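# Compute the structure for the input listed below.
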Amino acid sequence: MHVAFVNPQGNFDPDNNYLASHPDFGGQLVYVREVARTLERLGHEVDILTRRIIDPDWPEFASETDSYPGYPNLRIVRIPCGPDTFLPKEELWPYLGEWVEGAARWYGGSWPGLWTGHYADGGLCAALLEERSGVPFTFTGHSLGAWKLDLLLEDSEDLQAVDARYNFGARIPAERAALARSAAVVTNSVAECREQYDHPAYRDVVDRDRGGRFAVIPPGVNLDIFDPEARSPWEDEVREKIRAAHERDIAPQRRALPAVVAWSRLDPKKNHLALVRAFAHNPELRERANLLIITRGLDDPLRDASDATEVQRSVLQGVVAEIERSDLWGCVSAFNLSGQSTLAALYRWGAESGGVFCLPAEYEPFGLTVVEAMAVGLPVVATKNGGPREITDEGRAGLLADPHDPADIASQLLLPLSDGDAWRTFAERGRERVRTVYSWRRTAEGYLRLAEEISAGRKGGDPSFPIPEFVRRPDPLPRLQEWKTR
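Numbers count the residues shown, from 1 in each chain. As a prediction, the model looks like this:
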């Protein structure tokens with residue numbers, strides 16, 4: 001089978017430059033790369049369609065085609081549109097029609113057997129390519145604009161300013177068209193299907209056939225990286241960082257204790273404060289473990305938040321205030337780590353020292369960090385709200401806590417921390433759960449099964465749903481207020 005991944009934003013190259021270190025090179029690009037490479041290993045022909053960039057600051061993306069070594073039937077195809085320079089995803093919208101025309105010319109009528117669009121821009125382009133080719137497409141949203149808009153408006157009621165920055169007036173109509181027209185909508189979890197797509201902005205285009213076009217295909221993890229026995233080139237460097245952080249932040253008599261490891265972005269919804277309060281209000285938890293908060297790009301954020309964003313500072317202020325109030329200095333550390341290999345090394349250290357991973361988010365649509373920790377054999381305590389309930393098999397392969405109840409978070413953490421048999425049970429169940437459910441091979445096989453269902457006519461969208469006019473002609477992008485009042 002010939003599959004084309006439609007992903008205009010960011011870019012792909014053999015050396016994986018910028019992956020997970022730039023806002024436009026986040027988790028969805030890792031997802032596309034891994035599913036594409038796995039499909040190629042399974043014997044299929046695969047293209048990743050992205051945007052060509054001719055810019056001295058981005059030399060990796062100048063060639064028309066590229067490839068990953070060892071994957072002879074996987075091509076990276078770069079289609080130019082708009083200016084030659086790199087553009088963030090929020091500025092790509094006016095050029096997507098041009099990009100689709102270039103992709104159609106590149107294929108010259110010899111179409112793949114399936115388009116799969118990723119994120120809002122990829123979904124809209126896949127809908128346009130289906131219109132040109134007659135080849136159906138799947139849509140994997142990864143994250144939805146209306147939910148992000150709601151979160152941003154919690155901190156700012158200036159709708160026009162938020163829309164001017166993120167172009168939700170284009171993004172949400174693009175998502176609606178992709179949802180309505182796609183043969184199938186791919187979600188990470190049942191919780192994401194049930195809750196994320198029930199937002200009023202999308203309800204009228206997907207609710208009428210809920211369960212018919214939705215396909216739950218969980219993402220995988222790289223089991224070569226997140227392996228209990230692996231040793232990466234960064235292993236010693238990561239352990240030196242942990243040692244230095246302990247010497248700086250943790251009282252000498254506590255440095256041999258296991259750690260509760262928290263890794264997620266510093267965002268109020270990730271609920272770091274509740275985890276700190278779990279330590280503050282439970283003396284036994286403080287006696288048994290330290291708390292390590294891993295931050296991206298911030299080396300000592302509990303003492304110096306000058307490089308933090310406004311949102312990060314708001315989280316850190318609450319955390320530091322609770323540390324001061326409850327006299328937690330000496331058992332809490334925060335420091336910088338980023339990248340899959342370094343996080344895997346951190347989790348291996350955590351498992352070897354008898355620690356636990358904790359994600360106390362108020363709500364988590366999926367929870368890939370939970371899967372990664374489980375893969376390495378680090379027991380997890382995660383929010384009971386959202387995807388982690390499925391990931392942990394309803395709490396059998398990991399522990400679930402009420403994110404609004406610090407006492408419950410503490411009691412769940414203490415189960416593995418105070419009982420070696422319980423620790424080993426959850427470590428083993430977590431590893432087995434990941435091996436059987438969350439490999440990239442399972443993800444790729446899910447797409448292949450979906451393609452078979454589409455080919456057999458068991459899936460299909462609404463080709464009459466209107467395509468947003470801004471990709472048909474060079475009109476100004478629609479503003480969100482106009483769209484919301486239509």
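# who touches residue 53 in this structure?
Taking CB atoms under 8 Å, 6 or more residues apart in numbering, we find residue 53 in contact with 11, 61-62, 78, 84-86. Every C-beta, even on glycine, is put in place using the N, C-alpha and C of the backbone.
# Can you tell me which of the residues you listed end up in strands?
Judged by DSSP state E, strands contain the following of the contacts of residue 53: residue 78.
# Make JSON lines from the contacts of residue 53 and add neighbour count, distance to residue 412 and pLDDT to it.
Below are the contacts of residue 53 laid out as JSON lines (neighbours: other CB atoms under 10 Å; distance: CB to CB, whole Å; pLDDT from 0 to 100):
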{"residue": "11", "neighbour count": "25", "distance to residue 412": "41", "pLDDT": "93"}
{"residue": "61", "neighbour count": "21", "distance to residue 412": "45", "pLDDT": "97"}
{"residue": "62", "neighbour count": "14", "distance to residue 412": "51", "pLDDT": "96"}
{"residue": "78", "neighbour count": "24", "distance to residue 412": "47", "pLDDT": "98"}
{"residue": "84", "neighbour count": "13", "distance to residue 412": "52", "pLDDT": "96"}
{"residue": "85", "neighbour count": "11", "distance to residue 412": "49", "pLDDT": "96"}
{"residue": "86", "neighbour count": "17", "distance to residue 412": "44", "pLDDT": "95"}
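# Next, count neighbours for residue 72.
Residue 72: 10 surrounding residues under other CB atoms under 10 Å.
# Quick check: chain neighbours aside, which residue is closest to it?
Among residues not flanking residue 72 along the chain, residue 40 sits closest, at 8.0 Å (CB to CB, 6 or more residues apart in numbering).
# so who does that neighbour touch?
So residue 40 contacts 46, 71-74 (CB under 8 Å, 6+ apart).
# redo that, cut-off 7 Å
46, 71, 73-74 (CB atoms under 7 Å, 6 or more residues apart in numbering).
# quick check, distance from the helix or strand hosting it to the centre of its chain.
Taking DSSP states H and E as the criterion, residue 40 maps to helix 27-41. How far helix 27-41 lies from its chain's middle: 13 Å, per CA atoms, centre = their mean, to the nearest Å.
# Averaged pLDDT, that helix. What do you get?
Averaged over helix 27-41, pLDDT sits at 94.
# cool, and stretch 256-270?
Throughout stretch 256-270, pLDDT has a mean value of 94.
# Would you confirm that residue 178 contacts residue 139?
Yes - Residue 178 lies in contact with residue 139 (CB atoms under 7 Å); the separation is 4.4 Å.
# shared neighbours of the two, anything?
Common contacts of residue 178 and residue 139 (CB under 7 Å, 6+ apart): 117, 123, 126.
# In a helix, the second one, correct?
Right, the one you point to is residue 123. Yes - assigned with DSSP: H, G, I helix; E, B strand; the rest coil, residue 123 falls within a helix.
# For burial, what's the neighbour tally of the residue lying closest to residue 442 once chain neighbours are set aside?
Nearest residue to residue 442 in three dimensions, chain neighbours excluded: residue 220, at 6.2 Å (CB to CB, 6+ apart). As a burial measure, residue 220 scores 23 neighbours (other CB under 10 Å).
# List the residues that contact residue 220.
34, 438-440, 442-443.
# Okay, and which of these map to helices?
Mapping those onto helices (DSSP state H) picks out 34, 440, 442-443.
# Farthest pair within these?
With distances taken as CB to CB, the most widely separated pair in these is 34 and 442, at 11.4 Å.
# Tell me where the model's unsure across this structure.
Scanning the chain for pLDDT under 70 picks out the ranges 20-21, 155-157, 207-211, 474, 481-486.
# Using the record, which stretches count as separate domains in it?
As given by automatic domain parsing, the domain ranges for the chain are 2-220+440-485, 235-437.
# Which among these is found nearest to residue 227?
That would be domain 235-437 among the domains of the chain, by CB to CB, at 7.0 Å.
# Between the two ends of the closest one, how far is it?
27 Å (CA to CA, to the nearest Å).
# do the same with stretch 253-266
Per CA to CA, stretch 253-266 runs 29 Å from first to last residue.
# Run through who's touching that stretch.
246, 270, 272, 275, 288-295, 312, 315-316, 330-331, 343, 346, 350, 353-359, 361, 369, 413, 417.
# Give me the ChimeraX select line for the residues you listed, limited to the buried ones.
Under the burial definition 16 or more other CB atoms under 10 Å, those of the contacts of stretch 253-266 that qualify are selected in ChimeraX by:
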select :246,270,272,275,288,289,290,291,292,293,294,295,312,315,316,331,343,346,350,353,354,355,356,357,358,359,361,369,413,417
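# What about the contacts of stretch 253-266, which are in strands?
Counted as lying in strands by DSSP E, out of these, are 290-295, 356-359.
# Pipe those residues into a markdown table and attach distance to residue 100 per row.
Shown next, in a markdown table, are the ones in strands among the contacts of stretch 253-266 (distance: CB to CB, whole Å):
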| residue | distance to residue 100 |
| --- | --- |
| 290 | 52 |
| 291 | 49 |
| 292 | 46 |
| 293 | 43 |
| 294 | 40 |
| 295 | 39 |
| 356 | 48 |
| 357 | 42 |
| 358 | 44 |
| 359 | 38 |
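# Report the two of the residues you listed separated the most.
295 and 356 (18.7 Å).
# Please enumerate the strands of the stretch 351-486 of the chain.
356-359, 380-383, 399-401 (DSSP state E, counting those that start in this stretch).
# The stretch 1-150 of the chain too?
Under DSSP E, counting those that start in this stretch, the stretch 1-150 of the chain gives strands at 2-6, 45-51, 65-67, 74-79, 114-118, 137-140.
# who touches the first one?
Contacts of strand 2-6 from elsewhere in the structure, counted by CB under 7 Å, 6+ apart, are 32, 36, 39, 44-49, 112-118, 122, 125-126, 129.
# ok, now the second one?
Contact partners of strand 45-51, identified using CB under 7 Å, 6+ apart, comprise 2-8, 11-12, 32, 36, 39-40, 73-79, 81, 99, 103, 112.
# Next, the angle helix 27-41 makes with that strand.
150 degrees (axes from the mean of the first three to the mean of the last three CA atoms, to 10 degrees).
# In its sheet, which strands sit next to strand 45-51, and in what direction?
strand 2-6 (parallel), strand 74-79 (parallel) (DSSP bridges).
# and if you look at the last one?
When sheet partners are counted by DSSP bridges, strand 137-140 sits next to strand 114-118 (parallel), strand 184-187 (parallel).
# Using PDB, write out every CA atom in the first one.
Extracted C-alpha coordinates of strand 114-118, given in PDB (Å, rounded to 0.1, in the frame of the first residue of the first chain):
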ATOM      1  CA  LEU A 114      -4.500   6.900   1.300                       C
ATOM      2  CA  TRP A 115      -3.900  10.400   2.600                       C
ATOM      3  CA  THR A 116      -3.500  10.800   6.300                       C
ATOM      4  CA  GLY A 117      -3.700  14.400   7.500                       C
ATOM      5  CA  HIS A 118      -2.100  15.500  10.800                       C
END
